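Student: 3D, please:
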Amino acid sequence: MSEGTDLLKLVTNRVAAYLTTPAEEKEKPVKPRVPWTTQWFGMVPMGMQIWWDDKRGKSDKPQAPGS
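Tutor: Reported below is the predicted structural model:
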């Protein structure tokens, strides 16, 4: 029986703490997510993407004349 009262006290304390906490403290800053390809394979996918875009001529940098 004491397990049930302990659980009820725990839930009650957490609900009371949540209700008394100001909204500014509840808001957590959103961290930018790392793309899964970078997380799993590091910089290799990005390097391949840059190489592929450069090979196809989709580079953002201006092309030098004659190249």
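Student: roughly how far does Phe41 sit from Val34?
Tutor: Relative to Val34, Phe41 is positioned 11 Å away (C-beta to C-beta, to the nearest Å). In short, each C-beta sits where N, CA and C put it, glycine included.
Student: let me fix that: Ala17
Tutor: Distance, Ala17 to Val34, by C-beta to C-beta: 32 Å.
Student: could you do Glu24 as well?
Tutor: Distance from Glu24 to Val34, counting by C-beta to C-beta: 27 Å.
Student: who has more neighbours, the two?
Tutor: Between Glu24 and Val34, counting by other C-beta atoms under 10 Å, Val34 is the more crowded of the two (9 against 6).
Student: give the next helix or strand downstream of whichever strand or helix holds Leu8.
Tutor: Leu8 belongs to helix 2-20 when assigned by DSSP states H and E. Next along the chain after helix 2-20, taking DSSP H and E as the criterion, comes helix 23-26.
Student: which other residues reach that following helix?
Tutor: Residues from elsewhere that reach helix 23-26 (C-beta atoms under 8 Å, 6 or more residues apart in numbering): Tyr18.
Student: output it as CSV, restricted to C-alpha atoms.
Tutor: Presented in CSV, the C-alpha positions along helix 23-26 are these (Å, rounded to 0.1, in the frame of the first residue of the first chain):
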residue,chain,number,x,y,z
ALA,A,23,7.0,29.2,-19.4
GLU,A,24,10.4,30.8,-20.2
GLU,A,25,12.1,28.0,-18.2
LYS,A,26,10.1,25.3,-19.9
